[in-house]
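Student: This is the structure alone, sequence omitted:
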């Protein structure tokens, strides 16, 4: 069993950083009450973490090639632990958002190096088993976040969703230093600072524009200016990458249909499978009256199905073309969202169970194959860049998905309330803001006594309408991702599972370093 201890060290960090993408969703109402946050602030607590991951993965991976993967992984764990402590001690929303961003930087350093560490430690059949376990952990982690968040929030305090990272980080650092031997740096690629800066600016301004669109107005000068800045930054990034000898992301990769299909599927997977969890959590707690634990356990069907299917698929489906595992997985994710769109004003949590289970099966099929298929589609000499691009796409998809689905959710509630505008609903947009911020109970309690029952019914209808629209958009994006994967993704010339057995100049020194 000793040979698997390095894998445990890598999977501890992977699980922790991916759990933290969604662990906050069931704690949002408690955070709102404790820190007096707005709906936009709540979104940024989730978004800034995923955005930092997405923006920095490629750059940190390039840095790790220069100074060593183990060193960067350990540094990421240390930074993640320090930022988690600061998040747990935060006394205001701005501090919490800032330290969540720092958490994302540490998470990027960890996620950018995990696959490289596994590749350097394990060979042959052991490498396939290791990647199967890593894929299972990755597939289940995001779905497990709400469960862990609910348990910690209800039985301790929302701050413990951050404090719990400290002992895990210490254990992961100790195991990494003890069981993973540092390999020499394998490359001399320069860090693409202009590319990192322009990509971060493009992603950040686009996400901020989406989050603030309702407040500022979609046709306002501020909103249009932000979208314009994002477009200019994106064009600058593309121009920089096209001219650099050692780009952050080789744009020529996107000329290959299979690689482009994988990137599209990676973005849409996060949007369709995970981004709506924040809004179902608000409904479960503020409308259905469930506690954080119960709300978190509602995601158990997704988490369990994702872990089980990912574990089995890595062992039994390694010979199947990735177009089928990813394509069918994405179609199942879309079907799961459509099943949840059956929600109504009188629905309870049980309306979500079947859809979450189907989504979990889809996540378990698609997630483990994304990185290996990307590496196989471009060849081993560019595998690291391809793997980093997939992880970047997934995290950027989650950040943008939370923002986009937040707009859809808010618009659905506003439309429902506008249909009943009158004495009970004088300002539909303002009421939608309050409901989206977890204030359903306060909205009903502050209504005049004769209208309280009417307002309560309208609140239930508004949440159902907002979630219906959210699930329909998620389902459509999931199906779209599946169709793209089926149309574009092709089996690599040689199965990815067999590539590690090929002798390469890079594998030998890494293996010697491990020994």
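Tutor: Received it, and whenever you're ready, just let me know what you need. This is a predicted model, so every value here is computed, not measured. Numbering: from 1, shown residues only.
Student: Contact partners for residue 485?
Tutor: 261-262, 264-265, 322-323, 326-327, 330 (Cβ atoms under 8 Å, 6 or more residues apart in numbering). For every residue, glycine as well, the C-beta is placed using N, CA and C.
Student: out of those, which one sits closest to residue 357?
Tutor: Set against residue 357, the nearest of the contacts of residue 485 by Cβ to Cβ is residue 330 (16.2 Å).
Student: Need the contacts of residue 485 in CSV (columns: secondary structure, neighbour count and pLDDT).
Tutor: Below are these laid out as CSV (DSSP: H, G, I helix; E, B strand; the rest coil; neighbours: other Cβ atoms under 10 Å; pLDDT from 0 to 100):
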residue, secondary structure, neighbour count, pLDDT
261, helix, 26, 88
262, helix, 32, 87
264, helix, 19, 91
265, helix, 36, 91
322, helix, 29, 78
323, helix, 21, 83
326, helix, 29, 89
327, helix, 24, 91
330, helix, 30, 94
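Student: Quick check: of these, which lies closest to residue 416?
Tutor: Nearest to residue 416 among those: residue 330, at 29.7 Å, using Cβ to Cβ.
Student: Just give me the neighbour total for the closest residue to residue 480 other than its chain neighbours.
Tutor: Computed as Cβ to Cβ, 6 or more residues apart in numbering, the closest residue to residue 480 that is not its neighbour in sequence is residue 268, at 6.3 Å. Using other Cβ atoms under 10 Å, residue 268 has 28 other residues around it.
Student: Would you mind identifying the next helix or strand past the helix or strand hosting residue 268?
Tutor: In this structure, residue 268 sits in helix 257-273 according to DSSP states H and E. For helix 257-273, the following helix or strand on the C-terminal side (DSSP H and E) is helix 277-282.
Student: Only the buried residues of the helix holding residue 268, if you could.
Tutor: 258-273 (16 or more other Cβ atoms under 10 Å).
Student: What is it packed up against?
Tutor: helix 322-340, helix 350-378, helix 383-418, helix 452-488 (3 or more Cβ pairs under 8 Å, 6 or more residues apart in numbering; DSSP states H and E).
Student: now for the ones you listed, which one comes closest to residue 121?
Tutor: Comparing these under Cβ to Cβ, the one sitting nearest is helix 383-418, at 15.3 Å.
Student: and whatever helix or strand comes next after that closest one, how far from the chain's centre?
Tutor: As assigned by DSSP H and E, the chain's next helix or strand after helix 383-418 is helix 428-436. A distance of 26 Å separates the centroid of the chain from that of helix 428-436, by Cα atoms, centre = their mean, to the nearest Å.
Student: the inter-axis angle of helix 428-436 versus helix 452-488?
Tutor: 80 degrees (axes from the mean of the first three to the mean of the last three Cα atoms, to 10 degrees).
Student: Quick check, pLDDT for residue 126.
Tutor: The model reports residue 126 with a pLDDT of 72.
Student: measure the residue nearest to residue 480 to residue 261 for me?
Tutor: Distance, residue 268 to residue 261, by Cβ to Cβ, to the nearest Å: 11 Å.
Student: shared neighbours of those two, anything?
Tutor: Joint contacts of residue 268 and residue 261 (Cβ under 8 Å, 6+ apart) are residue 484.
Student: just to revisit the earlier point, residue 13 is nearest to which of the helices and strands packed on helix 257-273?
Tutor: Residue 13 lies closest to helix 383-418 among those, at 13.4 Å (Cβ to Cβ).
Student: buried set for that closest one?
Tutor: Neighbour-count burial for helix 383-418, with 16+ other Cβ under 10 Å as criterion, is recorded at 383-414, 416-417.
Student: Hey, what's the angle from it to helix 452-488? Just curious.
Tutor: Inter-element angle recorded for helix 383-418 and helix 452-488: 150 degrees (by the same axes, to 10 degrees).
Student: Report the angle between helix 383-418 and helix 350-378.
Tutor: 150 degrees.
Student: check contacts around residue 296.
Tutor: The contact partners of residue 296, taken as Cβ under 8 Å, 6+ apart, are 26, 146-151, 281.
Student: In a markdown table: the residues you listed, plus pLDDT and neighbour count.
Tutor: Below are the contacts of residue 296 laid out as a markdown table (pLDDT from 0 to 100; neighbours: other Cβ atoms under 10 Å):
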| residue | pLDDT | neighbour count |
| --- | --- | --- |
| 26 | 73 | 37 |
| 146 | 74 | 32 |
| 147 | 77 | 24 |
| 148 | 79 | 20 |
| 149 | 79 | 30 |
| 150 | 77 | 28 |
| 151 | 81 | 18 |
| 281 | 81 | 27 |
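Student: Let's see which of the residues you listed end up in strands.
Tutor: Among the contacts of residue 296, no member is found in strands (DSSP state E).
Student: from these, which is closest to residue 166?
Tutor: Checking the contacts of residue 296 one by one against residue 166 (Cβ to Cβ), the nearest turns out to be residue 148, at 14.5 Å.
Student: for stretch 432-444, how far is the first residue from the last?
Tutor: End-to-end distance for stretch 432-444: 13 Å, by Cα to Cα, to the nearest Å.
Student: Also stretch 278-296?
Tutor: End-to-end for stretch 278-296, by Cα to Cα: 11 Å.
Student: Please spell out which residues along it are buried.
Tutor: Neighbour count says stretch 278-296 has 278-288, 290, 292-296 buried, by 16+ other Cβ under 10 Å.
Student: And for stretch 469-481?
Tutor: For stretch 469-481, by 16+ other Cβ under 10 Å, it's 469-475, 477-481.
Student: Tabulate these in JSON lines, adding columns for pLDDT and distance to residue 80.
Tutor: JSON lines is the format used below for these (pLDDT from 0 to 100; distance: Cβ to Cβ, whole Å):
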{"residue": "469", "pLDDT": "93", "distance to residue 80": "35"}
{"residue": "470", "pLDDT": "94", "distance to residue 80": "30"}
{"residue": "471", "pLDDT": "95", "distance to residue 80": "32"}
{"residue": "472", "pLDDT": "95", "distance to residue 80": "36"}
{"residue": "473", "pLDDT": "95", "distance to residue 80": "32"}
{"residue": "474", "pLDDT": "94", "distance to residue 80": "29"}
{"residue": "475", "pLDDT": "95", "distance to residue 80": "33"}
{"residue": "477", "pLDDT": "95", "distance to residue 80": "30"}
{"residue": "478", "pLDDT": "94", "distance to residue 80": "30"}
{"residue": "479", "pLDDT": "95", "distance to residue 80": "35"}
{"residue": "480", "pLDDT": "95", "distance to residue 80": "33"}
{"residue": "481", "pLDDT": "93", "distance to residue 80": "29"}
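Student: Residue 353: which of those is nearest?
Tutor: For the buried residues of stretch 469-481, the minimum distance to residue 353 (Cβ to Cβ) is 13.8 Å, reached by residue 471.
Student: how about the closest one, what does it touch?
Tutor: Residue 471 makes contacts with 276, 337-338, 340-341, 343, 355, as judged by Cβ under 8 Å, 6+ apart.
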